[in-house]
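Need a 3D model of the sequence below.
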Amino acid sequence: MSRSDLQPVPVTSRSTQRFSTGSRAKRIAVAVVKWCLLAAVLVFVGRALWNDFSEVRWSEIRFDAALMALAVASVAAARAIVFLPYALLVGRFGHRPPWPGMIGAVWVSQVARYVPGKVSSVVSMALALRRYGVPAQVAVGTLVIVDGLSVVIGMLVAIPITLWDPVRQFLPMAWLWCALGMAAALVCLHPRVFGAVGNFLLRRLRYEPLSRLPQMRDYVRPVLALAVTYVLFGVGYWLMARSLGADVTPADLGIFTCAVTVVLIGGFLAFFAPAGLGVQEGLLLLVLGPMIGGGPAAIIAVLMRLLQTVTETGLGAIGLALLRQSPRGALDAAPPGPDDK
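Residues are numbered from 1 along each chain as shown. This next block holds a predicted model:
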């Protein structure tokens with residue numbers, strides 16, 4: 001037996017090469033599909049916006065600066081308090097980053113959603129909280145849990161739109177579907193169901209599953225914070241419609257909130273659209289058009305995209321400053337830990 005016969009077998013065998021080539025080809029194919037979907041949505045929505053803008057009678061637009069300012073303030077407040085659910089939950093895992101650091105980490109991760117792939121927000125959250133001793137598993141787990149809660153609470157807020165007359169015309173037995181949807185969302189809120197889904201997503205992201213998950217009582221305040229966020233968005237869109245002279249009344253605020261929540265959840269779930277680009281605008285035309293007309297809905301879609309981008313970019317810049325100035329390990333004014341009363 002020669003010396004060369006005792007050498008270890010190289011790991012770059014033909015089967016490994018074929019596996020790597022197949023994985024690379026799969027990633028390329030997925031990327032191509034995502035870009036094609038995004039391009040198709042942008043073209044379709046762009047044409048719809050162009051058509052609706054061409055029908056706007058600008059002489060009939062009664063602009064109200066005061067109502068517009070209130071709309072901007074409401075949407076900006078909703079974007080600003082987005083850190084609350086994350087801050088409230090991360091303490092339940094026994095870690096207490098300082099409030100400025102927690103706020104900065106979340107605001108920066110929101111800006112990272114504009115990078116295609118929706119993974120950059122996960123990475124930025126983990127990197128930002130690591131300087132405060134929060135393990136990547138906990139940071140990513142908190143993000144997964146809060147994002148999941150956001151979808152479930154959004155479902156609870158949005159599902160009543162099935163009882164709206166324009167929807168009931170196309171949805172037989174709408175009351176039954178509404179009841180089933182609400183029941184399904186409530187079941188998903190149970191820690192056992194929600195925790196199992198969260199750990200499954202962590203495995204998909206190649207992180208270890210969480211051995212200890214928050215209890216039902218730990219979800220109360222984050223859920224309330226998420227509900228307030230959706231209400232602020234609904235109020236902001238309703239005020240913007242009023243500022244453009246749309247014929248909406250306080251009685252329409254509930255259905256407006258449902259419709260806007262559909263838009264937000266749809267944009268979040270669109271894996272191929274950075275920050276919901278194109279998807280949110282298309283859904284806005286779809287759900288707000290029957291209420292206020294295609295022209296005003298198109299104006300709101302464009303204004304809200306600009307407002308969202310400017311607000312999140314500004315908050316992201318502030319977040320970076322907070323991360324740079326916040327001392328490591330500071331526990332003053334930190335989110336409550338699991339043993340805090």
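
which residue is nearest the centroid of the protein?
Phe268 (4.4 Å; C-alpha atoms, centre = their mean).

and Glu208, backbone torsions?
phi -70, psi 140 (degrees, to the nearest 10).

How about Gly245?
Here is the backbone geometry of Gly245 (degrees, to the nearest 10): phi 90, psi 10.

Show me the longest helix that occurs in the chain.
helix 14-54 (DSSP state H).

re earlier: who are the contact partners of the residue nearest to the centre of the chain?
Phe268 sits next to 147, 150-151, 154, 276 when contact means C-beta atoms under 8 Å, 6 or more residues apart in numbering. (Each C-beta comes from the backbone N, C-alpha and C, glycine too.)

pLDDT and secondary structure added to those residues, as a markdown table?
Output for the contacts of Phe268, formatted as a markdown table (pLDDT from 0 to 100; DSSP: H, G, I helix; E, B strand; the rest coil):
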| residue | pLDDT | secondary structure |
| --- | --- | --- |
| Asp147 | 86 | helix |
| Ser150 | 90 | helix |
| Val151 | 88 | helix |
| Gly154 | 90 | helix |
| Gly276 | 88 | helix |
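
that older thread, just give me how far the longest helix of the chain sits from the chain centre.
From the chain centre to the centre of helix 14-54 is a distance of 20 Å (C-alpha atoms, centre = their mean, to the nearest Å).

Would you mind pulling up the elements that it packs against?
Secondary-structure packing of helix 14-54 (3 or more C-beta pairs under 8 Å, 6 or more residues apart in numbering; DSSP states H and E): helix 279-292, helix 294-325.

when you compare where the shortest one runs with where helix 14-54 runs, what's the angle?
The one in question is helix 279-292. 30 degrees (axes from the mean of the first three to the mean of the last three C-alpha atoms, to 10 degrees).

export helix 279-292 as PDB, just CAs?
C-alpha atoms of helix 279-292 as PDB (Å, rounded to 0.1, in the frame of the first residue of the first chain):
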ATOM      1  CA  VAL A 279     -47.700  45.200  -4.200                       C
ATOM      2  CA  GLN A 280     -48.900  47.800  -1.600                       C
ATOM      3  CA  GLU A 281     -49.700  50.300  -4.300                       C
ATOM      4  CA  GLY A 282     -51.700  47.700  -6.300                       C
ATOM      5  CA  LEU A 283     -53.700  46.600  -3.300                       C
ATOM      6  CA  LEU A 284     -54.400  50.200  -2.400                       C
ATOM      7  CA  LEU A 285     -56.000  50.800  -5.800                       C
ATOM      8  CA  LEU A 286     -57.900  47.600  -5.300                       C
ATOM      9  CA  VAL A 287     -59.300  48.200  -1.900                       C
ATOM     10  CA  LEU A 288     -59.600  52.000  -1.700                       C
ATOM     11  CA  GLY A 289     -60.800  52.500  -5.300                       C
ATOM     12  CA  PRO A 290     -64.400  51.400  -4.600                       C
ATOM     13  CA  MET A 291     -64.500  53.700  -1.500                       C
ATOM     14  CA  ILE A 292     -63.000  57.000  -2.800                       C
END
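
Give me the angle between that helix and helix 294-325.
Put simply, helix 279-292 runs at 140 degrees to helix 294-325, going by the same axes, to 10 degrees.

packing partners for helix 279-292?
Using 3+ C-beta pairs under 8 Å, 6+ apart, helix 279-292 is in contact with helix 14-54, helix 220-243, helix 253-269, helix 294-325.

What is the second one packed up against?
In this structure, helix 220-243 packs against helix 65-80, helix 83-90, helix 136-158, helix 253-269, helix 279-292, helix 294-325, with contacts taken as 3+ C-beta pairs under 8 Å, 6+ apart.

and the fourth one, which residues are buried?
Burial within helix 253-269, assessed by neighbour count using 16 or more other C-beta atoms under 10 Å, is assigned to 253-268.

Between helix 279-292 and it, find me the angle.
Using the same axes, to 10 degrees: helix 253-269 against helix 279-292 is 160 degrees.

Now find how far off-centre helix 253-269 is within its chain.
12 Å.

CA atoms of it as PDB?
Extracted as PDB, the C-alpha positions of helix 253-269 are listed here (Å, rounded to 0.1, in the frame of the first residue of the first chain):
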ATOM      1  CA  LEU A 253     -62.800  54.700   9.700                       C
ATOM      2  CA  GLY A 254     -63.300  51.000  10.600                       C
ATOM      3  CA  ILE A 255     -63.500  49.700   7.100                       C
ATOM      4  CA  PHE A 256     -60.600  52.000   6.200                       C
ATOM      5  CA  THR A 257     -58.500  50.400   8.900                       C
ATOM      6  CA  CYS A 258     -59.400  46.900   7.600                       C
ATOM      7  CA  ALA A 259     -58.600  47.900   4.100                       C
ATOM      8  CA  VAL A 260     -55.200  49.500   5.000                       C
ATOM      9  CA  THR A 261     -54.300  46.400   7.100                       C
ATOM     10  CA  VAL A 262     -54.900  44.200   4.000                       C
ATOM     11  CA  VAL A 263     -52.500  46.400   2.100                       C
ATOM     12  CA  LEU A 264     -49.800  46.300   4.800                       C
ATOM     13  CA  ILE A 265     -50.000  42.500   5.300                       C
ATOM     14  CA  GLY A 266     -50.000  41.900   1.500                       C
ATOM     15  CA  GLY A 267     -46.900  44.000   1.100                       C
ATOM     16  CA  PHE A 268     -45.100  42.300   4.000                       C
ATOM     17  CA  LEU A 269     -45.900  38.800   2.700                       C
END
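
Much appreciated, bye for now.
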